[in-house]
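In: please work out how this folds:
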Amino acid sequence: MSDINNAKSNKRTVEINTIQFSGKRKIDWEGVEEYLKQYVGKKYVIEETGETVYIGSDFPDEYANSKDSIKSYGTTGKAKANATQAIPQLIQSLSEIKYSPNYDDKHASDAPNGWYRGPVHFSIPITDDKGRVTGKNAFRGRMVIRCNAENKLFLYDVVTIKKET
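Out: Residues are numbered from 1 along each chain as shown. So this is what the prediction gives:
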């Protein structure tokens, strides 16, 4: 995995070099959830702000079973599933972070101090029928981070993943 700085837009694109989760129509979200459990209890620093983001035990379930994941299939689902390989790098590359208060009673206990969101950019390889890499697809998404009662930041999800042209 590597980072590439895009001088034109000042964004960092995290390159993912392998396809861990494939499937043209159905993504193995249970497998994705299992894979994400390796990050629980770890923490990563956003390079732009110096803020620490923790990975809580709720993250794997939310990422793999959120409304956003359920409606992600095809290229977008494959991108979201494979972005799991680069969670540390995506957190580190997070920029242009915006705060919003918590308006939803559902999250009164886990995000009482609101939410932070910022764009992330990554690419995954395109492979042919023989598994050879023939190119790369670039994607963007929005990383969602919740702020708990102690003002600790916890990764919540990566949503609205779209293929870039």
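
In: distance of the residue nearest to residue 118 when sequence neighbours are not counted from residue 54?
Out: Take residue 118 and drop its neighbours on the chain: the residue closest to it by Cβ to Cβ, 6 or more residues apart in numbering is residue 97, 3.9 Å away. Every C-beta, even on glycine, is put in place using the N, C-alpha and C of the backbone. Per Cβ to Cβ, to the nearest Å, residue 97 is found 16 Å from residue 54.

In: could you point out the helix or strand that follows the lengthiest strand in the chain?
Out: In the chain, taking DSSP state E as the definition, the longest strand is strand 133-147. Once the chain leaves strand 133-147, the next helix or strand it forms, by DSSP states H and E, is strand 153-163.

In: just to revisit the earlier point, got the angle for the longest strand of the chain vs strand 153-163?
Out: Counting by axes from the mean of the first three to the mean of the last three Cα atoms, to 10 degrees, strand 133-147 lies at 140 degrees to strand 153-163.

In: and the helices in the chain, which stretches?
Out: Using DSSP state H, the helices of the chain run over 29-36, 59-65, 67-70, 74-83, 87-93.

In: turn the ones you listed into JSON lines, columns for distance to residue 111, mean neighbour count and mean pLDDT.
Out: Compiled in JSON lines, the helices of the chain are given as follows (distance: least, Cβ to Cβ, whole Å; neighbours: other Cβ atoms under 10 Å; pLDDT from 0 to 100):
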{"stretch": "helix 29-36", "distance to residue 111": "19", "mean neighbour count": "17", "mean pLDDT": "94"}
{"stretch": "helix 59-65", "distance to residue 111": "11", "mean neighbour count": "20", "mean pLDDT": "93"}
{"stretch": "helix 67-70", "distance to residue 111": "16", "mean neighbour count": "16", "mean pLDDT": "62"}
{"stretch": "helix 74-83", "distance to residue 111": "21", "mean neighbour count": "22", "mean pLDDT": "87"}
{"stretch": "helix 87-93", "distance to residue 111": "17", "mean neighbour count": "22", "mean pLDDT": "97"}
